[in-house]
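Engineer: the amino acid sequence is not available; the structure is as follows:
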């Protein structure tokens, strides 16, 4: 483990014979937080980012999303977040992240889209976390004692299968490709999903055009203030799942839904009260409901969430029999139970701004703990 606050890597890669203390995969909020804390602990590392520029997933969000619309950007450690104003989120947050990387001289290398993480020694119950890890991105590779995975979910949009989806002649968008509300003026729009994004889309669209909202289950609304204590309680519920090795649920799935000022007009129009259960099937011109009735639809927005972007970790065989990656809750919920060399941030309880910064600090602490134990065993 290196001494000093810096990493000594700048924006370059490790040499072929070099061994890093850690490789952070992803430069969104959780990845930058982890890098900041790793640097403060003197842990030599590099941050690999698949994007061409700073900003994480925020740079890919739709132009109509402003800083007033977002649920809040938790400030990165040692800084103040962007103002909650009318600025475009896909510009304000990347500017903030870029300035943060520069101010703290974080060793971010981009573009470096990681293909795989492999182990020199195959993992087993008898020898968990043995040997060095190799992280590969195209024709480049880095050897490291640990990994902090911070790839989030944005690159893995989820669209459920419904009969007739390929026959529908109208437009279909997922959250990742949402073109903004003006695109839908004059169209009848079906919004699918029971999370915060669906509520935001309805809020923007209902005052402009006809909307239909469908969810699998009735939405759960909350009318109390979402305090820091409430946020911590929500994170704890998601932590319980990953501590048991179950696939994570989103934090918003346990917080409940709240309407903001910019959604009150849609509420006045009755857009949220008119929520319907899921349709039976899609047809070329619309949807067929369970009672046999047909409704014409011009466009569908699938606000159906995301899955963790962890395919590159498959060679490490981290998944439990329950289907998720089991994390050590006693270690603040970021360390893999099966392989202590691997920390995950932006996964499960830290897959939102609520838990991302805490997870970055916990992951850096987990890396330091593993390195100390590894050195002690080697000695």
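Structural biologist: Cool, the structure landed. What you are looking at is a predicted structure, and each value in this text was computed from that prediction instead of being measured. Numbering: from 1, shown residues only.
Engineer: contacting residues around residue 178?
Structural biologist: 62, 201, 301 (C-beta atoms under 8 Å, 6 or more residues apart in numbering). For every residue, glycine as well, the C-beta is placed using N, CA and C.
Engineer: so which bits of stretch 42-57 are buried?
Structural biologist: 43-51, 54-57 (16 or more other C-beta atoms under 10 Å).
Engineer: and that stretch, how far apart are its ends?
Structural biologist: End-to-end distance of stretch 42-57 (C-alpha to C-alpha, to the nearest Å): 28 Å.
Engineer: for it, what does the pLDDT average out to?
Structural biologist: Averaged over stretch 42-57, pLDDT sits at 97.
Engineer: residue 153 contacts residue 309, correct?
Structural biologist: Yes: under the criterion of C-beta atoms under 8 Å, residue 153 makes contact with residue 309 at 5.9 Å.
Engineer: closest to residue 342 among the contacts of residue 178?
Structural biologist: When the contacts of residue 178 are ranked by distance to residue 342 (C-beta to C-beta), residue 62 comes first, at 33.1 Å.
Engineer: count the residues that sit near the closest one.
Structural biologist: 20 (other C-beta atoms under 10 Å).
Engineer: distance-wise, check residue 172 relative to residue 334.
Structural biologist: 36 Å (C-beta to C-beta, to the nearest Å).
Engineer: among these two, which residue is more densely surrounded?
Structural biologist: residue 334 (33 against 15).
Engineer: so how far is residue 32 from the closest residue to residue 64 other than its chain neighbours?
Structural biologist: Spatial nearest neighbour of residue 64, chain neighbours left out: residue 180 (3.8 Å); criterion: C-beta to C-beta, 6 or more residues apart in numbering. Per C-beta to C-beta, residue 180 is found 27 Å from residue 32.
Engineer: looking at these two, which is more packed in?
Structural biologist: Shown here are residue 180 and residue 32; by other C-beta under 10 Å, residue 32 has more neighbours (29 against 11).
Engineer: hmm, the more buried one is touching residue 98, no?
Structural biologist: No: using C-beta under 8 Å, residue 32 is not in contact with residue 98; the gap is 10.4 Å.
Engineer: between those two, which contacts overlap?
Structural biologist: If you check residue 32 and residue 98 against C-beta under 8 Å, 6+ apart, no residue is contacted by both.
Engineer: tell me the domain ranges of the chain?
Structural biologist: As assigned by automatic domain parsing, the chain contains the domains 22-155+306-378, 165-221+257-302.
Engineer: pick the most buried one from these.
Structural biologist: domain 22-155+306-378 (a mean of 20; mean count of other C-beta atoms under 10 Å).
Engineer: which residues does residue 151 contact?
Structural biologist: 25, 26, 50, 114, 308, 309, 310, 312, 346.
Engineer: please repeat the previous calculation with a cut-off of 10 Å.
Structural biologist: 25-28, 30-31, 48-50, 56-57, 113-114, 308-313, 344-347 (C-beta atoms under 10 Å, 6 or more residues apart in numbering).
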